[in-house]
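Novice: Quick one, structure for this:
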Amino acid sequence: VERAASASMEELNSPDWTPGKMSEEKTQMTFLHENLNRIIIPMLEELVDLYESEVDAFGGLTVFVVWLIAGINFMVTVVLFLLIMRGLRYVMQTMHENINR
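Specialist: Residues are numbered from 1 along each chain as shown. Predicted coordinates:
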């Protein structure tokens with residue numbers, strides 16, 4: 001770690017990262033970078049898997065909520081239809097009685 005930290009900025013700005021041509025500091029930095037990726041990438045993959053399962057669970061919940069709301073809207077529409085038809089029947093009876101008088 002100390003060797004990798006002692007690399008100068010000029011050396012790091014060099015675009016040549018060929019394994020045989022790098023300095024010892026640059027080689028140590030590359031080694032650290034690769035080892036850190038070996039540790040971090042599996043953790044990130046596990047985190048992504050957990051995130052995907054949470055998104056799937058939330059998606060299932062939203063589908064349920066949409067169907068529930070659609071069912072409630074359907075029931076309200078049917079009830080309103082029945083009330084309107086019932087009221088219309090009374091109105092028609094009243095109008096018929098008033099016409100026949």
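Novice: drop to CA atoms for contacts and neighbour counts, all remaining ones
Specialist: Fine.
Novice: So what's the gap between stretch 3-14 and the chain middle?
Specialist: 40 Å (CA atoms, centre = their mean, to the nearest Å).
Novice: contact partners of it?
Specialist: Residues from elsewhere that reach stretch 3-14, judged by CA atoms under 8 Å, 6 or more residues apart in numbering: 24-29, 32.
Novice: Could you dump these into TSV with pLDDT added?
Specialist: Formatted as TSV, those follow (pLDDT from 0 to 100):
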residue	pLDDT
E24	78
E25	79
K26	80
T27	80
Q28	80
M29	79
L32	83
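Novice: Give me the buried subset of those.
Specialist: Applying 16 or more other CA atoms under 10 Å to these, the neighbour count classes 25-29 as buried.
Novice: Sitting in helices, which of those residues do you find?
Specialist: Counting by DSSP state H, the buried ones among the contacts of stretch 3-14 place 25-29 in helices.
Novice: All the helices of this protein, residue numbers only.
Specialist: Under the criterion DSSP H, the chain contains helices at 2-5, 9-13, 24-100.
Novice: Quick one: low-confidence residue ranges for the protein.
Specialist: Applying pLDDT under 70 to the chain flags residues 1, 4.
Novice: and with 50 instead?
Specialist: The chain contains no residues with pLDDT under 50.
Novice: which residue is nearest the centroid of the chain?
Specialist: Central residue of the chain (CA atoms, centre = their mean): V55, 4.9 Å from the mean position.
Novice: and stretch 91-98, how far from the chain's centre?
Specialist: 58 Å.
Novice: Same check on stretch 10-17?
Specialist: For stretch 10-17, the distance from its own C-alpha centre to the chain's C-alpha centre is 40 Å (CA atoms, centre = their mean).
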